[in-house]
Every structure is written in C-alpha cells, then in structure tokens.
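Peer 1: Here's a sequence, model it:
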Amino acid sequence: MYIKAMLKKGDIYLELEKLDEALKIYMEAHEAEPTHASQDKVRKAKLEIKKAKRKNYYKMLGVEKNATGPEIKKAYRKSAVIWHPDKHSSGTDAEKENAEI
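Peer 2: Residues are numbered from 1 along each chain as shown. The predicted model follows:
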C-alpha cells in the first residue's frame, strides 16, 4: 500500500469537508502502517468532526473566519434585514387569505 498517497487523499477529503471519508482513509492508512504521522492525521480528523457538529456563526453570516469587525457587522445587518419578521414571509397563502378577511 502507498501510505503517503492515502494520507494525501485524506488531506484532500479534509479540505473538501468530507470528514467521514477522510477519517476512514486515515484509519486505513494507520492500520496498514502505524506511524506517528498517520496517528496525528486520525486525531486531527476526529477533532474536525467534533468542530463540524458545533454551530459555525461565520458560515451562517457568510464571512471568513479572519473577517474584520466591520465586515461581520455588515453581514449581520444584512442577515437581520433578510430575516426580519416584517420582511420575511413565514406564513402560507392560506394564512395570508385568512388574515385579509
């Protein structure tokens, strides 16, 4: 087996945010040839899976993690306008018809 190729494939999956596939490949590489590098990759993939389960507020706002304060504020205000109750239609057509009567 080509361990370096497997680790590189796992790195690519990690970059593409296909975390389960990356972990699977890292585990296969570690089982084939247990090295310190493959063990670190497995640990990193497990950590990324834990991080993915948390809410990512930057992603919700559509900004990068290294965004400045004004960029975050601008994205928040834009999102607030979109989801404002007066602007956002949350009811169905039947509810709107009943409200008009």
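
Peer 1: domain ranges for the protein?
Peer 2: Here the domain parsing of the chain from automatic domain parsing is 3-53, 57-100.

Peer 1: chain center to the longest one, what's the gap?
Peer 2: By that I understand domain 3-53. 17 Å (Cα atoms, centre = their mean, to the nearest Å).

Peer 1: quick one: which of the domains of the chain has the weakest pLDDT on average?
Peer 2: Among the domains of the chain, domain 57-100 carries the lowest mean pLDDT, a mean of 78.

Peer 1: so how far is that domain from its chain's centroid?
Peer 2: With Cα atoms, centre = their mean, you get 19 Å for domain 57-100.

Peer 1: So which residues of this protein form helices?
Peer 2: Assigned by DSSP state H, the helices in the chain fall at 3-15, 19-32, 36-53, 57-61, 69-82, 93-100.

Peer 1: Report the buried residues of the first one.
Peer 2: When you say that, I think you mean helix 3-15. 6, 7, 9, 10, 11, 13, 14 (16 or more other Cβ atoms under 10 Å). (Glycine included, C-beta is placed from N, CA and C.)

Peer 1: Tell me how many other residues crowd residue 40.
Peer 2: 13 (other Cβ atoms under 10 Å).

Peer 1: Quick check: it vs residue 18, distance?
Peer 2: 19 Å (Cβ to Cβ, to the nearest Å).

Peer 1: got a list of what the residue most central in space within the chain touches?
Peer 2: Most central in the chain under Cα atoms, centre = their mean is residue 52, positioned 5.3 Å from the mean C-alpha point. Counting by Cβ atoms under 8 Å, 6 or more residues apart in numbering, residue 52 makes contact with 17, 19.

Peer 1: how far away is it from residue 59?
Peer 2: For residue 52, the distance to residue 59 - Cβ to Cβ - is 10 Å.

Peer 1: Now residue 35. Its backbone dihedrals?
Peer 2: When read as degrees, to the nearest 10, the backbone of residue 35 gives phi -130, psi 170.
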